[in-house]
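Q: Can you look at this prediction? I've put the sequence above it.
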Amino acid sequence: MLLLTVAAAISFSRIAALHVNYAAPINTWMHVSHLPYSDPGRFGFDRTNSSERINVCMGKEWHRFPSSFFLPSDEWEMRFLRSEFRGQLPQPYMRGLPGADAAAAQRDNFNDLNREEPDRYFGNGAEGCHFVVDLETPATTELEPAYAKDEDRWKVVSELDFLDASATPRAWRTFYVPYIGPMNSAYNRYLLLENKKPVKVTEESSSGQGQGPTAQKSKKTKKNIRHL
């Protein structure tokens, strides 16, 4: 019984460490999914114009984007900003095609060498984003700035702690000990930022990322061919 109790305590401590230290990204996107964006006049957004989108952007945090299901509605788009990553970024399914055909559509802007495809990036840059999801770290570059420091443009909507593994001893990042663990750990801010003065863009005027039906040419594969 003692051995079972110790094993259970260690297991719960490990689970708690993962949740406390690394839950910020999913919790931030949960916040995005519940954003009160019912006012059609906010940012000058016009719901009568079907080409307008509310853009939520990510740079270096692209790999922690969970799913488009976390976007509040079809009026929202997730956009990629340029970062120091130089591989191939994901691409949304094609619009206007039924289920399986959208997954089987062949595109010229895919490669099997993980090479960068520039059309994935939001052509209007951060200025055209209504929101940005970003991890603020001490190391910044021209492509990975600390957006929140530009307080004239960005407002912090959500701020959560995300463990800085490189600055935290292994024992404290592996197991969670109430009170003591957080005191001996280092955290960075995981931020949801709102653009105070976004540049108004439409689907047709925004280059890159091929998310709309007019963004790129594509061709369908034969229906009897599926790559899984």
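A: Thanks, I have the structure now.
Q: Can you show me the strands along this protein?
A: 54-58, 76-80, 131-136, 154-163, 187-195 (DSSP state E).
Q: other SSEs contacting the second one?
A: The criterion is 3 or more Cβ pairs under 8 Å, 6 or more residues apart in numbering; DSSP states H and E, and the helices and strands that strand 76-80 contacts are strand 54-58. From N, CA and C alone the C-beta is placed, and that goes for glycine too.
Q: Which residues does the strand it packs on contact?
A: By Cβ atoms under 8 Å, 6 or more residues apart in numbering, the residues outside strand 54-58 that reach it are 32, 37, 43, 45, 64-65, 71, 75-81, 122, 126, 128-134, 198, 201.
Q: what angle sits between it and strand 131-136?
A: If you take axes from the mean of the first three to the mean of the last three Cα atoms, to 10 degrees, strand 54-58 sits at 20 degrees to strand 131-136.
Q: Distance from strand 54-58 to the middle of the chain?
A: 8 Å (Cα atoms, centre = their mean, to the nearest Å).
Q: Okay, buried residues for the lowest-mean-pLDDT helix or strand in the chain please.
A: For the chain, the helix or strand with the lowest mean confidence is helix 99-104, at a mean of 76 (criterion: mean pLDDT, DSSP states H and E). Across helix 99-104, burial judged by 16 or more other Cβ atoms under 10 Å covers A104.
Q: Just the CA atoms of the longest helix anywhere in the chain, as CSV, please.
A: Assignment by DSSP state H gives helix 2-22 as the longest helix of the chain. Presented in CSV, the C-alpha positions along helix 2-22 are these (Å, rounded to 0.1, in the frame of the first residue of the first chain):
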residue,chain,number,x,y,z
LEU,A,2,2.8,2.4,0.8
LEU,A,3,4.5,1.7,-2.5
LEU,A,4,1.1,2.3,-4.3
THR,A,5,0.7,5.6,-2.5
VAL,A,6,4.2,6.8,-3.4
ALA,A,7,3.7,5.8,-7.0
ALA,A,8,0.3,7.6,-7.1
ALA,A,9,1.8,10.8,-5.5
ILE,A,10,4.7,10.9,-8.0
SER,A,11,2.3,10.3,-10.9
PHE,A,12,-0.1,13.1,-9.8
SER,A,13,2.9,15.4,-9.3
ARG,A,14,4.0,14.7,-12.9
ILE,A,15,0.6,15.4,-14.3
ALA,A,16,0.2,18.6,-12.3
ALA,A,17,3.7,19.8,-13.5
LEU,A,18,2.6,19.3,-17.1
HIS,A,19,-0.6,21.2,-16.6
VAL,A,20,0.7,24.0,-14.5
ASN,A,21,3.9,24.5,-16.6
TYR,A,22,2.6,24.0,-20.1
